[in-house]
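Q: any chance you could fold what I've pasted below:
(4 chains)
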2 protein chains.
Amino acid sequence: MLGVSLAEKRKLLRQSLLLSRLGDSEADALLAYARLQRYAAGAAIFAKGDAGASMMAVTKGRVRISAPSLEGKEVVLNIIGPGEVFGEIALLDGKERTADATAMTACELLVLERRHFLPVLERHPELCLHLLQVLCERLRRTSEQVEDVLFRHLQSRLAKALLRLAADHGAGASAGGRRIDLKLSQRELGNLVGGTRESINKQLQAWQRAGIIALDKGAIVIRDGDALEAMS
Amino acid sequence: MLGVSLAEKRKLLRQSLLLSRLGDSEADALLAYARLQRYAAGAAIFAKGDAGASMMAVTKGRVRISAPSLEGKEVVLNIIGPGEVFGEIALLDGKERTADATAMTACELLVLERRHFLPVLERHPELCLHLLQVLCERLRRTSEQVEDVLFRHLQSRLAKALLRLAADHGAGASAGGRRIDLKLSQRELGNLVGGTRESINKQLQAWQRAGIIALDKGAIVIRDGDALEAMS
DNA sequence: CTCCCCCTGTGGCGCGCTTCACAGGCGGCG
DNA sequence: CGCCGCCTGTGAAGCGCGCCACAGGGGGAG
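A: A predicted model of the protein is given here:
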């Protein structure tokens, strides 16, 4: 636990979309127990199979949620930014973590333990209902991912992923289009859509030649969002 | 609504794993509003995109939860049997249904409406927590499905599906192995694992020739579960 | 009974994507 | 500084599986 004032922690907690609707007293009840924790870029936060019983709210940085395969492949299930939470599942049911969590950048997280969180949850139906919303949203996303992988081709999935990245993490419209500034390697992009680095590269090159996107020192600029939309 | 006594409805509700932990008074509160509804085999219960705001508990029969693609393909996301619930997502967040629900056999369902359920939920944290468990379980399942589709070959997914079907819906050990008696066509099996009817047929034939399974008038008998386990 | 639809069963071709192989660039670290 | 590990970029080969084609069977509707 780092030496951070209660007031500062409360401010951080307020940023979290999930927890923002707590009253002051409840927020303080949680905060008394919440740990503030930092991770360096690339650090592992937890691994699939761990017996974790906590959930995290991101206050700074970006976290990758992914699942590894036996042969060393990996799917990225989600990318979590400031104000969002992850790891709720293990907190709620007390079982193993279902995926890896890795700090993509330097991160600052508020960590809430199951044993502290559950009592608060029982006394606060609104919080409980809100958590249900979060899980529903996740479930919608994940089902959609199943459908996408089974029904759509790589091209379509990639187009969709770019649009989503631009919407969720993009810097606003710069010269000539929306810019995705997450420094995602093509390999990571592949893991995000369920394809190989090579396939991603070829598709991006083709789109660049067609003037649909531009590749600019690791960032991707969407020049023709409509074209991507049409393919997705 | 069918003319069924309160006592009978309560008995049905008790079977539902989700709702079984309500006290009598709460159960009655819900039951006053719960509709009992029947569907013929093959009937559509709801469709993806519908503005449904209810959830169902299966008391008799079996329901297929699936998602259609534009080109007429379909993924089966789940098969719901007696004592289980489905459709919670739309009930909880009030948005569109994420999938189709179809009666695989003649069915009897208890239908709970959002406007009746939410108030009960707010007054009963235990129920709320239990619902969170259900959603967590779903989320684990669905994530696993994503991983399976991306990492495993059809053979492996099919082996896994057969084992799961045997465990969840199988009639106990009959002569020479566990028997899967759901009358699933090979096409439906294909939809369950994300493959075509033809591929499923070829794989099943190969396994039958190897003595791993037996096909017996539409049912599948698992003769060598260990072999399947090894492939899955 | 006949027709029709959906089922199982099986072979072959083709496409999408992975895998492999190789080349060159850039940043960090001893 | 040079090495090493990561990155991007690109062509060629291979494979899993979808798609097509065709054949025969059984059950429900007329």
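
Q: so how far is B:L92 from A:E137?
A: Here the criterion is C-beta to C-beta, to the nearest Å. By it, A:E137 lies 10 Å from B:L92. For every residue, glycine as well, the C-beta is placed using N, CA and C.

Q: so which strand or helix has A:L135?
A: Taking DSSP states H and E as the definition, A:L135 sits inside helix A:125-151.

Q: buried residues in that helix?
A: Neighbour counts using 16 or more other C-beta atoms under 10 Å in any protein chain shown place A:125, A:127-132, A:134-136, A:138-140, A:142-143, A:145-151 of helix A:125-151 among the buried residues.

Q: near chain B, which of these show up?
A: Within the set of the buried residues of helix A:125-151, contact with chain B (C-beta under 8 Å from any C-beta of the partner chain) is found for A:125, A:128-129, A:131-132, A:135-136, A:138-140, A:142-143, A:145-147, A:149-151.

Q: state the distance from the residue nearest to A:I65 when sequence neighbours are not counted to DNA strand D.
A: By the measure of C-beta to C-beta, 6 or more residues apart in numbering or on different chains, the closest residue to A:I65 outside its immediate chain neighbours is A:N78, 4.3 Å from it. Between A:N78 and DNA strand D the distance is 19 Å, computed by C-beta to the nearest atom of the strand, to the nearest Å.

Q: got a pLDDT number for A:N78?
A: What the model reports as pLDDT for A:N78 is 97.

Q: number of residues surrounding it?
A: Applying the criterion other C-beta atoms under 10 Å in any protein chain shown, we find 18 residues in the vicinity of A:N78.

Q: right, and it touches A:F86 too?
A: Yes - using C-beta atoms under 8 Å as the test, A:N78 is close enough to A:F86 to be in contact (7.2 Å).

Q: next, show the common contact partners of these two.
A: Shared between the contact lists of A:N78 and A:F86 (criterion: C-beta atoms under 8 Å, 6 or more residues apart in numbering or on different chains) are residues A:I65.

Q: quick one: contacts for the residue nearest to A:I65?
A: A:N78 makes contacts with A:R64, A:I65, A:F86, A:R141, as judged by C-beta under 8 Å, 6+ apart.

Q: PyMOL command for the buried members of those residues?
A: To isolate in PyMOL the members of the contacts of A:N78 that are buried, counting by 16+ other C-beta under 10 Å, one can use:
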select buried, chain A and resi 64+65+86
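
Q: pick out whichever of the contacts of A:N78 sits closest to A:G195.
A: For the contacts of A:N78, the residue nearest A:G195 by C-beta to C-beta is A:R64; the value is 16.7 Å.

Q: isn't the closest one right up against A:E74?
A: No - shown here, A:R64 and A:E74 do not form a contact pair, counting by C-beta under 8 Å, at 9.4 Å.

Q: now A:H124: closest residue in space that isn't a chain neighbour?
A: Excluding its sequence neighbours, the residue lying closest to A:H124 (C-beta to C-beta, 6+ apart) is A:E26, at 5.9 Å.

Q: what is the burial count for that neighbour?
A: Neighbours of A:E26 (other C-beta under 10 Å): 16.

Q: cool, and A:S69?
A: Taking other C-beta under 10 Å as the neighbour definition, A:S69 ends up with a count of 12.

Q: ditto for A:G218
A: If you count neighbours by other C-beta under 10 Å, A:G218 ends up with 12.

Q: worst-scoring helix or strand of chain A, pLDDT-wise?
A: Sorted by mean pLDDT, DSSP states H and E, the helices and strands of chain A end with strand A:171-174, the least confident at a mean of 65.

Q: can you name the element that comes right after that one?
A: In the C-terminal direction, the helix or strand that comes right after strand A:171-174 (DSSP H and E) is strand A:177-180.

Q: confidence score at A:L31?
A: Taken from the predicted model, the pLDDT recorded for A:L31 is 78.

Q: just give the nearest non-adjacent residue to it, would you?
A: With C-beta to C-beta, 6+ apart, the residue lying closest to A:L31 is A:K9, at 5.0 Å.

Q: quick one: the strand or helix carrying A:E8 to chain centroid distance?
A: Assignment of secondary structure by DSSP H and E places A:E8 within helix A:6-15. Distance of helix A:6-15 from its chain centroid, counting by C-alpha atoms, centre = their mean, to the nearest Å, is 21 Å.

Q: what do you get for stretch A:207-219?
A: Centre to centre, stretch against its chain (C-alpha atoms, centre = their mean), the figure for stretch A:207-219 is 24 Å.

Q: returning to that earlier point: so the residue nearest to A:L31 sits against A:L36, correct?
A: Yes - the criterion here is C-beta under 8 Å, and A:K9 meets it with A:L36 at 6.4 Å.

Q: which neighbours do those two share?
A: In the contact map built from C-beta under 8 Å, 6+ apart, the residues linked to both A:K9 and A:L36 are A:L110.

Q: of the two, which one has the most company?
A: A:K9 (21 against 17).

Q: now the closest residue to A:T196 other than its chain neighbours: which helix or strand?
A: Residue nearest to A:T196 in three dimensions, not counting chain neighbours: A:G190, with 5.4 Å by C-beta to C-beta, 6+ apart. Assigned by DSSP H and E, A:G190 belongs to helix A:186-193.

Q: same check, this time on A:Y33
A: With elements taken from DSSP H and E, nothing contains A:Y33; it lies in neither a helix nor a strand.

Q: now do the contacts for it.
A: A:Y33 sits next to A:L112, A:E113, A:H116 when contact means C-beta under 8 Å, 6+ apart.

Q: using TSV, lay out those residues together with pLDDT, secondary structure and neighbour count.
A: TSV is the format used below for the contacts of A:Y33 (pLDDT from 0 to 100; DSSP: H, G, I helix; E, B strand; the rest coil; neighbours: other C-beta atoms under 10 Å in any protein chain shown):
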residue	pLDDT	secondary structure	neighbour count
A:L112	93	strand	25
A:E113	94	strand	16
A:H116	91	helix	16
